[in-house]
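# coords please:
(one chain, ligands or ions: 2)
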Amino acid sequence: MEKRKSLAAYAAENGCTYWIETYGCQMNAHDSERLAGILASVGFAPAEEMGQADLILFNTCCVRDNAEKKLFGNVGKLKQKKRQNKKLLVGVCGCMMQQADVAEKLADTFPFVNIIFGTHNMAALPEMLYAAIFLGERTLAVSDQEDLPDETPALRAKPPLSAVNIMQGCDNFCSYCIVPYVRGRERSRSSEEILREVRGLAKAGYQEVMLLGQNVNSYGKGLAENIDFAGLLERVAEETGMKRIRFMTSHPKDASQRMLDVMARHENICRQLHLPVQSGSSRILRLMNRRYTREDYLELIRRVRETLPGMTLSTDIIVGFPGETEEDYQDTLSLVREVRFDAAYTFVYSIRRGTRAAAMEGQIDEKEKQRRIVGLVDLQGQITYESNLAHVGRRELVLVEDESRRDAGHVCGRTDGGKMVNFPGEPSLIGQFMPVEITQAKKTTLYGRRIDGDTQA
Ligand code: 5AD
Ligand code: SF4
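Ligands and ions are numbered 1, 2, ... in the order given. Predicted coordinates for the structure are as follows:
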């Protein structure tokens, strides 16, 4: 407490500012909002740009390929700046730092980095800043056990979009994935805490919330209260006043009919589902430890479409998993053709040290992996485009979220199903629901025009 006070006094006196550079998924983006909340609580204000900040914090990811090289390059670039400005503080945190060997390598490579900490040590940020500023000490904090979660409110982007964590960690141990190692075991927040947070956001003018977790469908496991994800979703839909609710990520093995029924019963739960399939081959799915077959997945999709016609479906797919034959790869392509996802995030398998797949035989040659990903991206690109084309002429309710970056005088927002739409409009529309007629489809975006008259949600 005393340390926080001295820090806040120092920050106020010196007008301290911070910049957070975020890599990776939406969980990480939300962690950055939580870090920003902690920094605000000790008097740090956001900087206008990285070059002006007194503290630069990199919130890292280790799921994506080449992440380590990219991070080391970007941190390295600050060496010169640190020489010119002795007071500049540099910190590196997040998933990649939760791997002790990588954190140590970063500490050795860049002695000028003041603070290094893993995902489990976020709450100690004020102490680490105190040590850096007042004692001139470096901190490297990577522990296996999570600190008590910090209750400081997250500092969010302006409305209308928000994200709320409902659970953390993952117990699934898919054989390619590092997440269970860096994010630890599954733990759920109490439903009361979540409901309170979402209610507060709705009151503060947020129209949409994304409920986040590595595996939202196993929400509730280990809690004293008797609740599952479908139960939580229903309560969020009924008791918070939130206009739009989305969630991710769902594991196909845990996506229940109960959840689909709750979605069908509530208008304010968006008709959008992200269901990572990873592969279309049952043999590869078994090696991946996904615990469903191609047939199970297709059956789930059939039930989704039956319960919720018009649902927007997206997925994650990995090509080049160890031992993946041409036939397995063709199975993935045929599943993609059969399901016709609206969007797919496609990945080339890459080795994550410490995972089971890293030690598997039959690692695929890089060139071959490239060939496979190009084929998949081409196929999905065509399907996404066709799915976009099918929207032309439809009327959609768009929640305006920002000015369009590409087209001056345009704003952008998403449909209920999560498709991005650009249309001519003023920034004053941000935060409003607008009826829009879709007039044109491009590969990744829809274009439309406002239908004047009603603007109700
Ligand atoms: N190689 C390639 N893709 C991976 N993903 C996770 N781990 C790996 C890996 N080692 C992908 C999965 C997951 C998404 C977030 O990242 O498709 O769903
Ligand atoms: Fe990784 Fe599998 Fe857990 Fe998703 S479900 S975070 S892919 S281990």
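# tell me the contacts of the residue of the stretch 351-457 of the chain found nearest ligand 2?
At 8.9 Å from ligand 2, residue 355 is the closest residue in the stretch 351-457 of the chain, using CB to the nearest ligand atom. No exception for glycine: its C-beta is placed from N, CA and C like everyone else's. Counting by CB atoms under 8 Å, 6 or more residues apart in numbering, residue 355 touches 175, 176, 177, 178, 181.
# out of those, which are close to ligand 1?
On the criterion CB under 6 Å from any ligand atom, 176, 177 are the entries of the contacts of residue 355 that sit beside ligand 1.
# nearest to residue 74, out of the contacts of residue 355: which one, please.
Checking the contacts of residue 355 against residue 74 with CB to CB, the nearest one is residue 178 at 20.2 Å.
# list the buried residues in the helix or strand containing residue 236.
Following DSSP states H and E, one finds residue 236 within helix 229-239. Across helix 229-239, burial judged by 16 or more other CB atoms under 10 Å covers 229, 230, 231, 232, 233, 234, 235, 236, 237.
# could you do stretch 339-348 as well?
The neighbour-count check on stretch 339-348 (16+ other CB under 10 Å) flags 339, 341, 342, 343, 344, 346, 347, 348 as buried.
# does ligand 1 have contacts with that stretch?
Yes. For stretch 339-348, a contact with ligand 1 is found by CB under 6 Å from any ligand atom, at residue 347.
# who's in contact with that stretch?
Under the contact criterion CB under 8 Å, 6+ apart, stretch 339-348 has outside partners 65, 277, 298, 301, 312-320, 336, 369-370, 372-373, 376-377, 380, 383-384, 386-387, 417, 419.
# tell me the mean pLDDT for that stretch?
Stretch 339-348 shows a mean pLDDT of 97.
# and stretch 56-63, how far out from the chain's middle?
Chain-centre distance of stretch 56-63: 13 Å, with CA atoms, centre = their mean, to the nearest Å.
# hmm, I typed the wrong one, I wanted stretch 332-349.
Mean-position distance between stretch 332-349 and its chain equals 20 Å (CA atoms, centre = their mean).
# quick check: end-to-end length of that stretch?
One end of stretch 332-349 sits 14 Å from the other (CA to CA, to the nearest Å).
# what's the answer for stretch 248-261, then?
End-to-end for stretch 248-261, by CA to CA: 17 Å.
# and that stretch, what's its mean pLDDT?
96.
# same deal with stretch 28-43?
Across stretch 28-43, pLDDT averages out at 94.
# who's in contact with that stretch?
4, 7-12, 16, 18, 20, 22, 46, 55, 57, 59, 61, 93-95, 119, 122-123, 125-126, 129, 150, 152-157, 163-165, 212.
# which ones are touching the nearest residue to residue 426 once chain neighbours are set aside?
The shortest distance from residue 426 to any non-neighbouring residue, by CB to CB, 6 or more residues apart in numbering, is to residue 411 (7.2 Å). Residues near residue 411 by CB under 8 Å, 6+ apart: 400, 402, 403, 404, 422, 423, 424, 425, 426, 427, 429, 430.
# then residue 383?
336, 337, 340, 341.
# wait, which of the residues you listed is closest to residue 135?
Closest to residue 135 out of those is residue 341 (52.7 Å), distances taken as CB to CB.
# assign a three-state SS to the closest one, would you?
coil (DSSP: H, G, I helix; E, B strand; the rest coil).
# give me the next element, helix or strand, following the longest helix along the chain.
Using DSSP state H, we find that the single longest helix of the chain is helix 366-389. Once the chain leaves helix 366-389, the next helix or strand it forms, by DSSP H and E, is strand 395-403.
# for that next one, packing partners?
strand 410-414, strand 420-424, strand 433-441 (3 or more CB pairs under 8 Å, 6 or more residues apart in numbering; DSSP states H and E).
# the first one: partners in the sheet, and parallel or antiparallel?
What it means is strand 410-414. Next to strand 410-414 in the sheet, as set by DSSP bridges, lie strand 395-403 (antiparallel), strand 420-424 (antiparallel).
# for the last one, same thing?
Sheet pairing here is set by DSSP bridges, and for strand 433-441 it gives strand 395-403 (antiparallel), strand 446-450 (antiparallel).
# neighbouring contacts of the last one?
Translated: strand 446-450. Against strand 446-450 from outside (CB under 8 Å, 6+ apart): 388, 391-392, 396, 398, 415, 419-425, 434-441.
# which among those end up buried?
Buried residues within those, counting neighbours by 16+ other CB under 10 Å: 388, 391, 396, 398, 415, 419, 421-423, 425, 434-436, 438, 441.
# check whether stretch 173-187 comes into contact with ligand 2.
Yes. Using CB under 6 Å from any ligand atom, stretch 173-187 reaches ligand 2 at 173, 174, 177, 179, 180.
# before we move on, back to that, format the helices and strands packed on strand 395-403 as JSON lines; extra columns: mean pLDDT and distance to residue 107.
Output for these, formatted as JSON lines (pLDDT from 0 to 100; distance: least, CB to CB, whole Å):
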{"stretch": "strand 410-414", "mean pLDDT": "97", "distance to residue 107": "41"}
{"stretch": "strand 420-424", "mean pLDDT": "97", "distance to residue 107": "40"}
{"stretch": "strand 433-441", "mean pLDDT": "97", "distance to residue 107": "49"}
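# one step back: which one of the residues of stretch 173-187 next to ligand 2 is nearest residue 241?
Closest approach between those and residue 241, by CB to CB: residue 179, at 32.5 Å.
# quick check: the closest one touching residue 170?
Yes. Counting by CB atoms under 8 Å, residue 179 does reach residue 170; the two are 5.1 Å apart.
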